[in-house]
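J.: Kindly return the folded structure for what I paste below:
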Amino acid sequence: MKSTRKKEIVSIAATLFKEKGYSAVSMRDIAQEMDIKAASLYNHIKGKQEILSTLVLHVARKFTNSTQTITSEKASPIERLSKIIELHIDITLHHGEAIAALNNDWMHLDGKDLLDFIAMRDQYEEYFRGIIKQGIQQGVIKPKHPEVILFSILSTLRTLYLWNERRGKLDVNVLKKELVSVLISGIV
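T.: Here you go, the predicted structure:
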């Protein structure tokens, strides 16, 4: 991001998107929240679509690039799955509003941004799926359908931002240890 003002706009918009949903938030709402005129926003950002793209693609890149790195490690499938779960926890706790946009509003992306997001999401899931399949082949993961395992783990991780907010924020180390244990113990 170029400017501090742009970061502020994106941050405030992310909070509003999380509270109301992308479609329900206008540039006027964002400006009002910042106590400036809506026209002033356009000095820093092209529009709502740019804000959404900034939020979603930034986090999608973090997930995809970090998961690619973990996938290529020489660790066991269980160790790599544990690292990906911990990665997901870290990103979620540090980028909760962006995670909300990624989960709830990605379909509002346009053109190349939408295609890029879908490609990153598919790649992220393929890295995850590949580790699960390796674990099944090596006999360290129960021989269950890889898609069911993937769905079960990702469903939990994708809603973590909601659960963590409502239940009171747990210490990150406790959350990592316990969530990794619960998710992994169900498949080994």
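J.: what's around H95, how many residues?
T.: H95: 18 surrounding residues under other CB atoms under 10 Å. Backbone N, C-alpha and C define where each C-beta goes, glycine included.
J.: Just give me the neighbour total for G139.
T.: For G139, using other CB under 10 Å, the count is 9.
J.: For it, which residues are in contact?
T.: Under the criterion of CB atoms under 8 Å, 6 or more residues apart in numbering, G139 has no neighbours.
J.: now swap in I89 and tell me
T.: Contacts of I89 by CB under 8 Å, 6+ apart are L157, L160, V172, L175, K176, L179.
J.: Other residues contacting the one helix or strand in the chain whose mean pLDDT sits lowest?
T.: Ranking every helix and strand in the chain by mean pLDDT, DSSP states H and E puts helix 160-167 at the bottom, with a mean of 81. Under the contact criterion CB under 8 Å, 6+ apart, helix 160-167 has outside partners H88, I89, T92, L93, G96, I99, A100, N103, L170, L175, L179.
J.: so which strand or helix has the last one?
T.: This points to L179. Per DSSP states H and E, L179 falls inside helix 172-185.
J.: Mind listing what's buried along that helix?
T.: Neighbour-count burial for helix 172-185 flags L175, K176, L179, V180, L183, I184 (criterion: 16 or more other CB atoms under 10 Å).
J.: Pipe those residues into JSON lines and attach pLDDT per row.
T.: What follows is the buried residues of helix 172-185, written out as JSON lines (pLDDT from 0 to 100):
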{"residue": "L175", "pLDDT": "84"}
{"residue": "K176", "pLDDT": "89"}
{"residue": "L179", "pLDDT": "89"}
{"residue": "V180", "pLDDT": "90"}
{"residue": "L183", "pLDDT": "90"}
{"residue": "I184", "pLDDT": "90"}
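J.: Going by distance to L115, which of these wins?
T.: Among the buried residues of helix 172-185, L183 lies closest to L115 (CB to CB), at 30.5 Å.
J.: Report the contact partners of that closest one.
T.: L183 makes contact with I85, S152, I153, T156, according to CB under 8 Å, 6+ apart.
J.: And S53, by the same measure?
T.: Going by CB under 8 Å, 6+ apart, the list of residues near S53 reads L109, D113.
J.: Equivalent analysis for M27, please.
T.: So M27 contacts A38, L41, Y42, G47, K48 (CB under 8 Å, 6+ apart).
J.: Tell me the most packed of those residues, by neighbour count.
T.: In the contacts of M27, the most neighbours by other CB under 10 Å go to L41, 22 neighbours.
J.: Alright, calling it a day.
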